[in-house]
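In: Model the following, please.
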Amino acid sequence: MAGENRIKLIRNIGIIAHIDAGKTTLTERILFYTGKTHKIGEVHDGQATMDWMPEEQERGITITSAVTTCYWQGKEIHIIDTPGHVDFTIEVERSLRVLDGAIGVFCAVGGVEPQSETVWHQADKYGVPKMAFINKMDRLGADFWGVIGQLKERLGVNPLILNIPSGSEESFGGVFDLIKERLIVWNEGNQGMEFEERPIPDGYKEEAARARNGLIETLADVDDTIMEKYLAETPIDEKDIHEAIRRACISLKGVPVFCGSALRNKGVQPLLHGVAHYLPSPLDIPPVKGVNPATGEEIERPAKDNVPLSALAFKIQMDQGRKMVYTRVYSGVLHAGDEVLNPGKGIKERTARILQMHANKRERIDEAGAGNIVAVMGLKDTTTGDTLCDPAHPVLLEPIEAYQPVISVAIEPKTTGDEEKVELALKKLADEDPTFKVRMDEDTGQTIISGMGELHLEVLVHRLLREFNAPVTVGKPQVVYRETIQDAVTWEEHFDKEIAGRRQTAAITLEAGPRARGEGNMVANHIPPEKLPPGYGDMALEVIKQGLESGVIRGFPIVDIKVELKDASFQEGLSSDIALRAAASIGLKHACEHASPVLLEPMMRLEILVPESYLGEVIGDLNTRGGRIEHIEPRGPIQVIRAVAPLAQMFGYSTALRSATQGRGTFSMVFSHYDPVH
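Out: The predicted model follows:
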């Protein structure tokens, strides 16, 4: 099927949620009911199709986002099942960057948990239309309306409630479809493949009617067509409601909400119907925007096959030593064997093969049109966030934002013979993962690896051994600090030295001052053009940017600082680029030393769930770790503590919490911000 008709049927969706909300379990059901798999793989058995890495199967969690394609009601659905653990947030970020829609999965007991908030706001950042699935309605403590309240309060969601549960906990029997006004129940005998629609029983008619009226009123608030019919008291048919829900979902004015129990095979088909009918195709979202790398002018590329190629590489994966680049094609058609331009790096590459992915299985295809998500082999120099485009019509798409690592460990090969093998393996892992950094400590000669958390680094060390047969010894985790300044300073630096028998002299004046926490660095050149030869001002700026990578207290990167180059003196015959670089570098160092430099440490946002009887002990322990309690609220028999604490004090916290609560306490931790070390 060619052109717009094909693109109209594509749905690029991601499944996002907090760890343990049931994302992978839900994805397994979707694959089973769409006929993509013939057996349901369970996470707890280590058999989930989408969790194919040995590290995922051992831990029962998703680590790498897996891509698959399935079909439902004539729609071609590309699904990315993303990780829920905070250490693998980059996987969610880069998936949402290329998706057109998302399903947020929420546990009916846990509700909106910290990582649910993080991933939901990541989707908001990219303007991704969303649906919500309230899972685990069969669990003890399930509270559908409680979760709806949290969606409104914590995420600012305008819920369009399409299903409500029939019973909950042990009595959860099915869902009420509020549009059709029917009860849907699933056949227990064939893994939920078959279901039947029944009239709503008398005892539930009033509740269902009230919920349906609530849906119509919510739609009337955001949709003019429904509003007119509602005010005129004209009958509103099912077709009107479906179209209004689709408009509200795509325009981000409402979030369709479904419920069920993925593990018990209930509630998945209505959700699939929602994906097919309410989430956008690539044609329903605004055309991707980029810039012409030569002129800087903005370019739009519509989702069409008959326009120049534009695609974004959003994930790199090593496959038996070869590089596989996951790519979203936004416009045009990518063929196997094509020469494509990488405008960010200014190089051309050739695609060897194009693969349609199903987790770690694949199918070779000859071409990928607009809207498709595929894996490409043969791109040697392409990395995460790179644009691929038609060499005759260059366009540079917005790259993917990477996160800065917060934790480091020193590693060394177990034998000297393994040094080269480890070095090569680390390079390959760093190519795959933009949040994984490798550097050599000049003082100790050790290799330092940095990542997003203890689990992140643990998984990478396991992969070194398992995939690359490169065993290493690992040191204790160390926090990755930052540095900043607290005062504004103007500094004039004169450099005057004899180098290689020739006098070199230059002077530079710069102003350095603090910026608000989290604002990042700003470097600007205000030196009058006549003071320096052409290009020398930009060269001094580059030196300043490089200088900010190593601070004056302990050599950590300097953040949240503003540096402005104000003046320079340069004498023909005596001055040189070497002298100017030295003046800029030394001037920055002295300015920072005189601006009250301070060390910053990563602060983590915690949500701790504990039975009330252990509350005092847990709070006491948090206080000794320098934690700050922000809020405590009851959630049934459980108390939910929200707090902020320094990462340096949180190593091994899971063990401490388990022993303090006899194994009954759980917690989640996400990076919050940097604060001065006390």
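In: CA only for contacts and neighbour counts going forward, please
Out: Will do.
In: what about Ser672, how many neighbours?
Out: Here the count is done by other CA atoms under 10 Å, and Ser672 has 14 residues near it.
In: any idea whether it is helix, strand or coil?
Out: strand (DSSP: H, G, I helix; E, B strand; the rest coil).
In: how distant is the longest strand along the chain from the center of its chain?
Out: Scanning the chain for the strand with the most residues, using DSSP state E, yields strand 597-611. Strand 597-611 sits 20 Å away from the centroid of its parent chain (CA atoms, centre = their mean, to the nearest Å).
In: Relative to Ile608, how far out is Glu170?
Out: Using CA to CA, to the nearest Å, one obtains 26 Å as the distance from Glu170 to Ile608.
In: now for the longest strand of the chain, which elements pack on it?
Out: Judged by 3 or more CA pairs under 8 Å, 6 or more residues apart in numbering; DSSP states H and E, the packing partners of strand 597-611 are strand 482-485, strand 638-646, strand 666-676.
In: Any chance of these in a markdown table with mean pLDDT as columns?
Out: Below are these laid out as a markdown table (pLDDT from 0 to 100):
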| stretch | mean pLDDT |
| --- | --- |
| strand 482-485 | 94 |
| strand 638-646 | 90 |
| strand 666-676 | 81 |
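In: Strands of the stretch 351-500 of the chain, start to end?
Out: 353-358, 361-365, 367-368, 373-377, 387-389, 396-397, 407-413, 437-440, 447-451, 472-474, 478-479, 482-485, 489-499 (DSSP state E, counting those that start in this stretch).
In: Phe671: which of those is closest?
Out: strand 407-413 (11.1 Å; CA to CA).
In: what angle sits between the closest one and strand 597-611?
Out: Orientation note: strand 407-413 sits at an angle of 100 degrees relative to strand 597-611 (axes from the mean of the first three to the mean of the last three CA atoms, to 10 degrees).
In: Within the sheet, what are the partner strands of strand 407-413, with directions?
Out: If you go by DSSP bridges, strand 407-413 pairs up with strand 447-451 (antiparallel), strand 472-474 (antiparallel), strand 478-479 (antiparallel).
In: quick one, which of those strands is nearest to Ser668?
Out: Of all the strands paired with strand 407-413, strand 447-451 comes closest under CA to CA, at 17.3 Å.
In: Show me what that closest one is in contact with.
Out: 87, 404-412, 435-441, 457, 480 (CA atoms under 8 Å, 6 or more residues apart in numbering).
In: picking up where we left off before, in a markdown table, list the strands of the stretch 351-500 of the chain along with distance to Gly513 and mean neighbour count.
Out: Putting those into a markdown table (distance: least, CA to CA, whole Å; neighbours: other CA atoms under 10 Å) gives the following:
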| stretch | distance to Gly513 | mean neighbour count |
| --- | --- | --- |
| strand 353-358 | 50 | 21 |
| strand 361-365 | 53 | 13 |
| strand 367-368 | 50 | 20 |
| strand 373-377 | 45 | 25 |
| strand 387-389 | 35 | 28 |
| strand 396-397 | 33 | 26 |
| strand 407-413 | 27 | 20 |
| strand 437-440 | 28 | 15 |
| strand 447-451 | 28 | 21 |
| strand 472-474 | 39 | 16 |
| strand 478-479 | 26 | 18 |
| strand 482-485 | 7 | 27 |
| strand 489-499 | 6 | 17 |
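In: do you know which of these lies nearest Ile347?
Out: If you check each of the strands of the stretch 351-500 of the chain against Ile347 by CA to CA, strand 387-389 wins as the nearest, at 10.0 Å.
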